[in-house]
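> Sharing a model prediction with you, sequence too.
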Amino acid sequence: MTNRERILRVLKGEMVDVIPFVPRLDLWWLSNAFKGTLPAGYAGKTHDQVARAEGWAIYRMVPDFATMIRGPQDILHRSIGLFSFDQSVYKWEFSGDVRVETKNENGLSVVEYHTPLGMVRTAGGLTEEMKRRGASLGWTQEHLIKKPEDYAVAGYIFEHIRVEPHYDGFTRYRDASGDDGVVAAGGPSLAASPLHLIQKELIDPTKFYFEYKDNRSLMRALAEKIELYYDRVLEIMEGSPAAVVMWGANYDDTITYPPFFRDEIMPWLRKAGERLGAKGKLVATHTDGENFGLMNLVRDSGVHIAESITPHPMTRVTVGEYYRRWREKLVLFGCIPECILLEETATNDEFEAYLDMLFKEIAPGDRIVLGVADSVPPNAVFDRLRRIADRVDREGRLPLKAGTFRPLPSAAPAEKTSASPGTPALAAELASVYQGVLDGDADAVARRIDELLNGGTGAGAILDAMIAAMETIGNLFKEQEVFIPEVLLAARAMNAGLALLEPHLASPGAGGRARAKMLLGTVAGDMHDIGKNMVATMFRGAGFEVMDLGINVTADEFARVADEYKPRILGLSALLTTTMPEMKKVIDALREKGLRDGLKILVGGAPLNEKFARDIGADGYAPNASDAVRTARAMLGAG
């Protein structure tokens, strides 16, 4: 049986002879080839050649960022979610009355879209340093939609896209892997649905949630235009030579929170699953992210394969829980978290213990393809990949013999109790401020605070009422009784109140008080910010004064601002495994400049853990925004 036959049989739900091990090497190869740090004997080799030499199955997907990008033109429209890969089963172009102009502004690549309805633009780039870290698509600094008028222009762009089949390019790409692996064709974008595309690409990630409430009708109208493009691609895929189609990527129960996933993503997953399934094709969706609150929704979404499953310890759901809850309806692809391949986050003993657990938890071992989720990180210990392959060869024969082992249920969340004890004991005149923040009504909060200040109520008492409301929202959010829009709307209301209170808060004689300062940023080389933004929101809601330096912040910049701003706590964020070492550089820079004493350092991000935080000399680690506030208060000795 060839690797391709084995993988396809598993993806169809059949039992085979051994669990396939299919590590995705494209991003790992891209970074190490660029830096000249490929393992001994592999200099000048492609990632497919590395896999073949090691005896591993090949996994190709569109987009496979290591080899398919011919030049900047292929990713020119990355900021609106569109790519021009020769390996796709379709090709597209704008109609004649959509004119594209490009230019360089301050080192950023700017793309302007001129239409009869007006002009919109994006700006971003892909630096050499990002390539060294394994990045392939670049980042977006300026998103397409910035004001209400932009929705109609964006709709015109998508409405006037011409799409046609391009099967030859995909066939060549598929055939190059031969019998050594499987190839998945890419969908209309990395987003599963039109609304998901708007969220993922077209609007600033944090601003999206305000727009989803404030401009829902404009957003719906734009989604209807994008649907025309999605439908054209889906029709072409029905007749394509692809056996596996990747539809949609990156789900997180905070960002693509359950109601949004159910209403805006799930219908398109079901549509793709039904239509492509009727043509004998298998539909995979890239689940990479925190799926705790989405388990039943993904399971029932109608797709056939859950790809890039990222289990505990990187997320809350264990591999055994994934297998027990999804196996009847989904084939599982992934299940090896990136963090166990890194020396920074897992010792050799911890790595072996994870594999011990894995082979027990997934008995009898059908309906699963082992891979590294999301992909093999650039700084992975290569010998650990070899060790996984060796153990699969010896212990992965099917059906797995678990003996008398019976997997225990994973640590389930405690039975929910009311996260809110009701309105806290507040003076009667402050109850409306508390409720206004809770309701996310910024105008009402501002009006009431103005009245209270004019009536002589102290700023500190008003702040306490707003903090109490944000604590209630934070508890409800932690229990998934409310979701990210409610948190952000409450924070918007609180910020409206803080704008009025600021002149009073630093003046104890006026009834206010100084607030603890926090400095925050995403470390150099990392362009991810939504998690950091949530942390900033939670800290402001908890009464901290927050200075957010944004993304891609160097160690020297952190040290310079810390010297000027004099924060009590510094928050460092990283989502990429390759940017984790930057955190230690920041701590070292602070120590060299004599700024470390008295400054508490809190780190967070998906690939991090307590071990890593201790090893680099941080004072604390938090897995999410809510816990970050609690950890910070404990570190500062506050209540």
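Nice, thanks for sending it over.

> rest of the way, CA atoms for contacts and neighbours
OK.

> Poorly predicted segments of the stretch 351-500 of the chain, please.
Along the stretch 351-500 of the chain, segments meeting pLDDT under 70 span 402-423.

> what's stretch 155-170 in contact with?
86-95, 98, 113, 115, 117, 185, 221-223, 225-226, 228-229, 232-233, 236, 240-242 (CA atoms under 8 Å, 6 or more residues apart in numbering).

> and if we set it to 6 Å?
Stretch 155-170 is contacted from outside by 86-95, 222, 225-226, 236, using CA atoms under 6 Å, 6 or more residues apart in numbering.

> Can you list the buried residues in that stretch?
Within stretch 155-170, the residues scored as buried using 16 or more other CA atoms under 10 Å are 155-161, 163, 165-170.

> distance of Glu274 from Pro267?
11 Å (CA to CA, to the nearest Å).

> now Gly598
Counting by CA to CA - Gly598 and Pro267 are separated by 52 Å.

> more neighbours, those two?
Neighbour count, other CA atoms under 10 Å: between Gly598 and Pro267, Pro267 has more, with 16 against 11.

> mind listing what the residue nearest to that one when sequence neighbours are not counted touches?
Nearest non-adjacent residue to Pro267, counting by CA to CA, 6 or more residues apart in numbering: Ser301, 7.6 Å away. Neighbouring residues of Ser301 by CA under 6 Å, 6+ apart: Met266, Leu269, Arg270.

> Around the spatially closest residue to Leu202 that is not a sequence neighbour, how many other residues sit close by?
Excluding the flanking residues, the one nearest Leu202 by CA to CA, 6+ apart is Leu144, at 5.2 Å. By other CA under 10 Å, 26 other residues sit near Leu144.

> again, but for Thr287
24.

> what are the phi and psi angles of it?
phi -80, psi 0 (degrees, to the nearest 10).

> Let me know the pLDDT of it.
Thr287 is assigned 97 on the pLDDT scale.

> thinking it is in contact with Asn250, fair?
Yes. With contact defined as CA atoms under 6 Å, Thr287 reaches Asn250; the gap is 5.4 Å.

> Now the common contact residues for those two.
Joint contacts of Thr287 and Asn250 (CA under 6 Å, 6+ apart) do not exist.

> So for the helix or strand harbouring Val437, what gets flagged as buried?
Per DSSP states H and E, Val437 falls inside helix 431-439. The neighbour-count check on helix 431-439 (16+ other CA under 10 Å) flags Ala431, Ser432, Val433, Tyr434, Gln435, Gly436, Val437, Leu438, Asp439 as buried.

> Can I get those residues in JSON lines including distance to Ala192?
Listed next are those as JSON lines, based on distance: CA to CA, whole Å:
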{"residue": "Ala431", "distance to Ala192": "42"}
{"residue": "Ser432", "distance to Ala192": "41"}
{"residue": "Val433", "distance to Ala192": "39"}
{"residue": "Tyr434", "distance to Ala192": "38"}
{"residue": "Gln435", "distance to Ala192": "36"}
{"residue": "Gly436", "distance to Ala192": "35"}
{"residue": "Val437", "distance to Ala192": "33"}
{"residue": "Leu438", "distance to Ala192": "32"}
{"residue": "Asp439", "distance to Ala192": "31"}
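
> ok, those residues vs His312, which is closest?
Closest approach to His312 among the buried residues of helix 431-439 (CA to CA): Leu438, at 32.5 Å.

> mind listing what the closest one touches?
Ala469, Ala490.

> and if you look at Gly594?
Counting by CA under 6 Å, 6+ apart, Gly594 has no contacts.

> any idea how far it is from Ala559?
10 Å.

> counting contacts, what elements does the helix or strand containing Met219 pack onto?
Using DSSP H and E, Met219 falls within helix 216-238. Packed against helix 216-238 by the contact rule (3 or more CA pairs under 6 Å, 6 or more residues apart in numbering; DSSP states H and E) you find helix 150-159, helix 194-197.

> I'd like the ones you listed as a markdown table, with mean pLDDT and distance to Ile305 appended.
Compiled in a markdown table, the helices and strands packed on helix 216-238 are given as follows (pLDDT from 0 to 100; distance: least, CA to CA, whole Å):
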| stretch | mean pLDDT | distance to Ile305 |
| --- | --- | --- |
| helix 150-159 | 98 | 29 |
| helix 194-197 | 98 | 19 |
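
> In CSV, list these along with distance to Glu352.
Output for these, formatted as CSV (distance: least, CA to CA, whole Å):
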stretch, distance to Glu352
helix 150-159, 49
helix 194-197, 38
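
> so which of those helices comes closest to Arg52?
For Arg52, the closest of these is helix 194-197, at 35.6 Å, according to CA to CA.

> and that closest one, how far out from the chain's middle?
15 Å (CA atoms, centre = their mean, to the nearest Å).

> List the buried residues in it.
Pro194, Leu195, His196, Leu197.

> where exactly do the strands run in the stretch 351-500 of the chain?
Per DSSP state E, counting those that start in this stretch, the stretch 351-500 of the chain carries strands over the ranges 368-373.

> Confirm for me that Ser84 is in contact with Asp74.
Yes. Taking contacts as CA under 6 Å, Ser84 lies within contact range of Asp74: 4.6 Å.

> who has more neighbours, the two?
Ser84 (21 against 16).

> State the number of residues packed around Gly178.
Gly178: 14 neighbours (other CA under 10 Å).

> And it, what's its pLDDT?
So Gly178 comes in at 93 (pLDDT).

> Likewise for Arg70?
On the pLDDT scale, Arg70 gets 59.

> cool, and Pro63?
The score at Pro63 is 69. That number is its pLDDT.

> Alright, that wraps it up for me.
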